[in-house]
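> just to be clear, the model below is a prediction. Sequence and coordinates:
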Amino acid sequence: MATPLLDIRDLRKTFPVRGGWLGRARAAVRAVDGVSFTVEPGSTLGLVGESGCGKSTTARLVLRLVEPDGGSVHFDGRDVTALSDRDLRALRREMQIVFQDPYSSLNPQMCVRDLIGFNLRVHGERGAAVEAAVTSVLEDVGLARGYAARYPHELSGGQRQRVNLARALVVRPRLLVADEPVSALDKSVQAQVLNLFVDLRARYGLTTLFISHDLNVVEYLSDWVAVMYLGQIVEWGRADAVYARPLHPYTQALMAAAPDPDRPRGQRPPPLAGDLPSPLDPPSGCRFRTRCPHAMPICAEQPPVLAPQAPAHTVACHLYPGTDSKVLSAESETTPGTQYSALSTRHS
């Protein structure tokens, strides 16, 4: 594998839940709990899971929009979590994000020209160079030059999201984090924006962390897929391998529930049993065990760890060999993408 541009190791974030007259912390939500993954240069990693599983928090931790409680984020060899404010500001030019809501992420009092150009001015550019860059990037995202004078309320949802894309791309980033960028759009507009993502990724040479709850979208865009459940990654691998043979029961349930026009109505699988556990008090052992049709006694006793089952395909589930947390304690520091070489001898 190529040297990763983005290397996430054991990332953790807990949010206190406060209450009472004095606002004291009464409990804590473990939003991200030991997440590790890598993203190779020029590739797209799709991070997928149900709402509330920690995907958006992971995105904000990667960019240090939220401070992590533990773990590390390395971008091109630099530890993002250890950078000073000055160094972090310079690095942000290389790491940009597109948010989910295309309207609330735009200042309604600024026209499109100023919204896009502001990103350049923050990094010290002025004058004609800013105007030229704004015009160029508007054309790249499929908006005519006349849109530069419009305000967000004069644009459709798809046009606003194109402006958000332009604002991120105008500084020529190396990493683009897209947090549910099409979920608020109509289906027909979604298709247009997704095709635009594919075109822009090639044109700008982007490395992308694409976050979505829609498995069909992730399959279309991603080279690699990581599946999250209650703050943890339960399956990771190349997109073609994961979609051809999903291993974790949660991944299987997500894919079975995805819309499929070729599947007869009477053959649609039943939804997952039970409710999503509270992140304030997640189940012991495997966090999916309370909804898993294959749960065993060991699932309540030991949390499984990611272990390779095929080249570039790892899973955290006691149904498969090598996922015992005691057996893999020495290797558990490895990240998806490096585990297979470390453990392939054991499973060969």
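Done, it's in.

> does A226 count as helix, strand or coil?
What DSSP: H, G, I helix; E, B strand; the rest coil gives for A226 is strand.

> list the contacts for the residue lying closest to it once chain neighbours are set aside?
Spatial nearest neighbour of A226, chain neighbours left out: W236 (4.6 Å); criterion: Cβ to Cβ, 6 or more residues apart in numbering. Every residue, glycine included, has its C-beta placed from N, CA and C. Contact partners of W236, counting by Cβ atoms under 8 Å, 6 or more residues apart in numbering, are 37, 224-227, 242, 306, 313-315, 336-337.

> run the last query once more with 7 Å
For W236, the contact set (Cβ atoms under 7 Å, 6 or more residues apart in numbering) comprises 37, 226, 306, 314, 336.

> next one: L106
115, 152, 160, 163-164.

> picking up where we left off before, redo the contacts of W236 as TSV? Include distance to T251.
Shown next, in TSV, are the contacts of W236 (distance: Cβ to Cβ, whole Å):
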residue	distance to T251
F37	15
A226	10
L306	13
T314	12
P336	14
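
> can I get those in CSV with distance to Y250 and pLDDT?
CSV is the format used below for the contacts of W236 (distance: Cβ to Cβ, whole Å; pLDDT from 0 to 100):
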residue, distance to Y250, pLDDT
F37, 17, 93
A226, 12, 96
L306, 13, 92
T314, 14, 95
P336, 16, 53
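
> now, which of the residues you listed sits nearest A90?
Lowest distance from A90 to these (Cβ to Cβ) belongs to F37, with 24.8 Å.

> and that closest one, how many neighbours does it have?
24 (other Cβ atoms under 10 Å).

> isn't it up against I8?
Yes: counting by Cβ atoms under 7 Å, I8 is a contact partner of F37 at 5.2 Å.

> of the contacts of L106, grab the buried ones for PyMOL.
Filtering the contacts of L106 down to the buried ones (16 or more other Cβ atoms under 10 Å) takes a single PyMOL command:
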select buried, resi 115+152+160+163+164
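
> where do the strands sit along the stretch 151-300 of the chain?
For the stretch 151-300 of the chain, the strands defined by DSSP state E, counting those that start in this stretch cover 175-179, 207-212, 224-229, 232-238.

> dump these into CSV; add distance to V134 as well.
Formatted as CSV, those follow (distance: least, Cβ to Cβ, whole Å):
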stretch, distance to V134
strand 175-179, 18
strand 207-212, 23
strand 224-229, 33
strand 232-238, 37
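
> out of those strands, nearest to T323?
Of all the strands of the stretch 151-300 of the chain, strand 232-238 comes closest under Cβ to Cβ, at 10.3 Å.

> quick one: strands adjacent to that closest one?
Strand 232-238 pairs in its sheet with strand 224-229 (antiparallel), strand 313-315 (antiparallel), by DSSP bridges.

> between the ones you listed, which one is closest to F210.
That would be strand 224-229 among the strands paired with strand 232-238, by Cβ to Cβ, at 9.7 Å.

> relative to strand 207-212, how tilted is that closest one?
40 degrees (axes from the mean of the first three to the mean of the last three Cα atoms, to 10 degrees).

> just how off-centre is strand 224-229 within its chain?
Its chain's C-alpha centre and that of strand 224-229 lie 8 Å apart, by Cα atoms, centre = their mean, to the nearest Å.

> other residues contacting it?
Strand 224-229 is contacted from outside by 37, 43, 45-49, 53-55, 218, 233-239, 242, 248, 250-251, 287-288, 336, using Cβ under 7 Å, 6+ apart.

> show me where the stretch 151-300 of the chain has helices.
157-169, 187-204, 215-221, 239-244, 249-257, 297-301 (DSSP state H, counting those that start in this stretch).

> which of these is buried the deepest?
Of all the helices of the stretch 151-300 of the chain, helix 157-169 has the most neighbours on average by mean count of other Cβ atoms under 10 Å, namely a mean of 24.

> packing partners for that one?
Of the remaining helices and strands, those touching helix 157-169 by 3 or more Cβ pairs under 7 Å, 6 or more residues apart in numbering; DSSP states H and E are strand 95-98, helix 112-122, helix 128-140, helix 187-204.

> for these, give me JSON lines that also has mean pLDDT.
What follows is the helices and strands packed on helix 157-169, written out as JSON lines (pLDDT from 0 to 100):
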{"stretch": "strand 95-98", "mean pLDDT": "94"}
{"stretch": "helix 112-122", "mean pLDDT": "93"}
{"stretch": "helix 128-140", "mean pLDDT": "94"}
{"stretch": "helix 187-204", "mean pLDDT": "89"}
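
> quick one: closest of the ones you listed to T3.
Shortest distance between T3 and the helices and strands packed on helix 157-169, using Cβ to Cβ, is found for strand 95-98: 17.1 Å.
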